[in-house]
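Sequence and predicted model, in that order:
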Amino acid sequence: MDDLHKMKTSLDRGVPCPSLIDFWKAYQACPEELQTIQMKKAKRFVQEAIIIAHKHFSRYTSKSLLPAALLTENGIPDVIASIITEREYIPSGIYCYSEVHGKRLINLRLFHDFVKRSVMSNKEQDTAYAPMALHIADFRLKNVHLKLSEKEEEDEATYSQSHQDNDAQHFKHERLQTLEDQAKATLHKNKKQNAKQKNTGVERTLKILGLFPFGKLVKKLHHDALRVELMHRGCTEEEVAGWGVTDRKNKLKALEKLRVKEDGKEAVNNSKLGFKVLSSASFPDN
């Protein structure tokens, strides 16, 4: 993603960058009357690549997968914990040195803003994080953000500056190891759920009730199954044929809500999140 934005900046400003070295060579060798066309093509290509990248990231910033990032490298779990608990992010440093991403420096503030935008764009307001994920995130923010001694603060400031000046050195892992040991020692203590979590944390209840989550419906796996289910519920084949997977999902939500409207508040609330398969259609998990 960082490379894509550098490419976009290069094209917008007309300044060559390493990622587009072949394009700029071809552009400069191109007749002047064709340069405008080639530039438009390049900008369109990069813009579409950015859009596709964002669609790719949306799956991994869903409330079911994002908590896995709490177990990643030093610095990143603090970002994820603040997003999961919806608390203000207070960075412990400017950069995170990532072995996983080719020993790159990650600007933690920019990374936080990027992940938060992606989470908000997923529109999962009716879905809750798993209780254990909330517990670990809460523990991380309460126990990891201990006040550093003056020496530690000075060391971290010097360390961050040296990364900017010298293109990175490796983080020391002793403090992280101590914090991980503390986390493991308290994982068996489950934090009591608050009222919101009790009302919306229904993933386990949906399975017990035999309901399939609307959030797991995807075109690749369920497009035809939705057709069979909707026709079973009274929709005509001509109607369904003109609907994409989103329209089919929305129609099924409406029909499911209508089916359970006499079954009480809990059933109506559950109908917003999942549905009972009434037809012979098969709905495999993602």
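Structure received. Numbering: from 1, shown residues only.

Name the residues of stretch 130-139 that come out as buried.
Along stretch 130-139, these residues count as buried under the neighbour rule (16 or more other CB atoms under 10 Å): A130, P131, A133, L134, H135, I136, A137, F139. In short, each C-beta sits where N, CA and C put it, glycine included.

How about stretch 225-238?
By neighbour count with 16+ other CB under 10 Å, stretch 225-238 contains the buried residues A225, L226, R227, V228, E229, L230, R233, C235.

and what of stretch 205-216?
Neighbour-count burial for stretch 205-216, counted by 16+ other CB under 10 Å, picks out L206, L211, F212, P213, F214, G215.

what's the burial count for the closest residue in space to the last one that isn't next to it in sequence?
I take that to be G215. Counting by CB to CB, 6 or more residues apart in numbering, G215 lies nearest to T127, which is 6.2 Å off, once chain neighbours are set aside. Counted with other CB atoms under 10 Å, the burial measure for T127 works out to 18 neighbours.

Could you report the neighbour count for the nearest residue to V268 once chain neighbours are set aside?
Nearest residue to V268, sequence neighbours excluded (CB to CB, 6+ apart): V260, at 5.9 Å. V260: 17 surrounding residues under other CB under 10 Å.

Let me see the confidence value for V260.
What the model reports for V260 is a pLDDT of 87.

check contacts around it.
Contact analysis of V260 by CB atoms under 8 Å, 6 or more residues apart in numbering lists A267, V268, N270, S271.

From the residues you listed, list just the buried residues.
Taking 16+ other CB under 10 Å as the criterion, what is buried in these is A267, N270, S271.

Closest to V245 out of the residues you listed?
Closest to V245 out of those is S271 (18.9 Å), distances taken as CB to CB.

Tell me where the model's unsure across this protein.
Counting by pLDDT under 70, the chain shows low-confidence ranges at 1-2, 53-58, 92, 100-101, 143-175, 179-180, 182-204, 286.

which residue sits farthest out from the middle of it?
Computed with CA atoms, centre = their mean, the maximum C-alpha offset from the centroid of the chain is found at P31, amounting to 43.7 Å.

what about that residue, distance to Q38?
Relative to Q38, P31 is positioned 10 Å away (CB to CB, to the nearest Å).

and what of E262?
Taking CB to CB, one finds E262 at 63 Å from Q38.

so where does Y89 fall, helix or strand?
Under the criterion of DSSP states H and E, Y89 resides outside all helices and strands.

Give me the neighbour count for the residue lying closest to P213 once chain neighbours are set aside.
Nearest residue to P213, sequence neighbours excluded (CB to CB, 6+ apart): G274, at 4.7 Å. A total of 22 residues lie near G274 under the criterion other CB under 10 Å.

give me phi/psi at G274?
Dihedral pair for G274: phi -160, psi 170, per degrees, to the nearest 10.

mind checking the SS state of P284?
On the three-state scheme (DSSP: H, G, I helix; E, B strand; the rest coil), P284 is labelled coil.

my guess is it contacts K220, does it?
No - P284 sits out of contact with K220 when judged by CB atoms under 8 Å, with a separation of 10.3 Å.

Outline the domain layout of this structure.
For the chain, the domain assignment from automatic domain parsing gives the residue ranges 2-60, 66-196, 202-276.

one step back: how close does the residue farthest from the centre of the chain get to I37?
P31 sits at a distance of 10 Å from I37 (criterion: CB to CB).

just L230 next, same as before
When CB to CB is applied, the distance between L230 and I37 equals 46 Å.
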